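Participant: Following is a predicted model, sequence given first.
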Amino acid sequence: MSTTWILVSNASAGKLFRNLGPNKGIELVREFAHPQSREKNGDLVSDRPGRNPGAGNGHGSFVPATLPKEHEAEVFAIELARELEAGRVANQYSRLVVVAPPAFLGQLNQHLNHAVKGLVSDTLEKDYTRATNKELSQHLASCVCV
């Protein structure tokens, strides 16, 4: 029997489903939440950007290379990638479908290792995190026989 894992996620929430074969439907394995990704950038930092002395009479200021909200999305992508790797190592799935909005899908792909990427059979660039199981099954019909 071939088990397919289906990760449905955005930058702040995710659900991991399992499909055990044709006409078996999908069942929820685990839910993930990362509410920090929903916060405003100003709420994620404790102070204003630091000051650096400028070369002239003007003032310089330090602006972080990555916005705090983007950093939190990155942290969540790493968490999900680790979960997928742990499942692969434990032979819990042999095929993976990833569903996420384009920007977050890109972040997630950066953190998936080669072995997990090799198990990805389909990707959908959509945010279906709020879809019901029935709606999700309909959306996945083209890539998973649910």
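Facilitator: Thanks, I have it.
Participant: need the longest helix for the chain.
Facilitator: As assigned by DSSP state H, the longest helix anywhere in the chain is helix 68-89.
Participant: need the helices for the protein, in chain order.
Facilitator: Using DSSP H, helices in the chain cover 41-44, 68-89, 102-111, 114-119, 133-139.
Participant: from the middle of its chain, how far away would the fourth one be?
Facilitator: With C-alpha atoms, centre = their mean, to the nearest Å as the basis, the distance from the averaged C-alpha position of helix 114-119 to the chain average is 15 Å.
Participant: Burial check on the closest residue to N133 other than its chain neighbours, number of neighbours?
Facilitator: Using C-beta to C-beta, 6 or more residues apart in numbering and skipping residues adjacent in sequence, the residue nearest N133 is I26, 6.1 Å away. C-beta: built from backbone N, CA, C; applies to glycine. Using other C-beta atoms under 10 Å, I26 has 21 other residues around it.
Participant: By mean pLDDT, which helix or strand of the protein comes out lowest?
Facilitator: When the helices and strands of the chain are scored by mean pLDDT, DSSP states H and E, helix 41-44 comes last with a mean of 50.
Participant: Next, count neighbours for V116.
Facilitator: When neighbours are counted by other C-beta under 10 Å, V116 comes out with 19.
Participant: just G14 next, same as before
Facilitator: Here the count is done by other C-beta under 10 Å, and G14 has 24 residues near it.
Participant: Could you measure from it over to R95?
Facilitator: With distances taken as C-beta to C-beta, to the nearest Å, G14 is found 18 Å from R95.
Participant: go on, C143?
Facilitator: Counting by C-beta to C-beta, the gap from C143 to R95 is 10 Å.
Participant: Using PDB, list the CA coordinates for stretch 6-24.
Facilitator: In PDB, the C-alpha atoms belonging to stretch 6-24 read as follows (Å, rounded to 0.1, in the frame of the first residue of the first chain):
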ATOM      1  CA  ILE A   6      -0.500  16.000   1.600                       C
ATOM      2  CA  LEU A   7       0.800  19.200   3.100                       C
ATOM      3  CA  VAL A   8      -1.600  22.100   2.900                       C
ATOM      4  CA  SER A   9      -0.100  25.300   4.300                       C
ATOM      5  CA  ASN A  10       0.400  29.000   4.200                       C
ATOM      6  CA  ALA A  11       2.900  31.100   6.200                       C
ATOM      7  CA  SER A  12       1.000  30.900   9.500                       C
ATOM      8  CA  ALA A  13      -1.000  27.600   9.500                       C
ATOM      9  CA  GLY A  14      -0.700  24.200   8.000                       C
ATOM     10  CA  LYS A  15      -2.400  20.800   7.900                       C
ATOM     11  CA  LEU A  16      -0.800  17.500   7.100                       C
ATOM     12  CA  PHE A  17      -3.100  14.800   5.600                       C
ATOM     13  CA  ARG A  18      -2.600  11.200   4.700                       C
ATOM     14  CA  ASN A  19      -4.200   9.200   1.800                       C
ATOM     15  CA  LEU A  20      -3.800   5.500   2.000                       C
ATOM     16  CA  GLY A  21      -4.800   4.800  -1.600                       C
ATOM     17  CA  PRO A  22      -7.600   5.100  -4.200                       C
ATOM     18  CA  ASN A  23     -11.000   5.800  -2.700                       C
ATOM     19  CA  LYS A  24      -9.700   5.900   0.900                       C
END
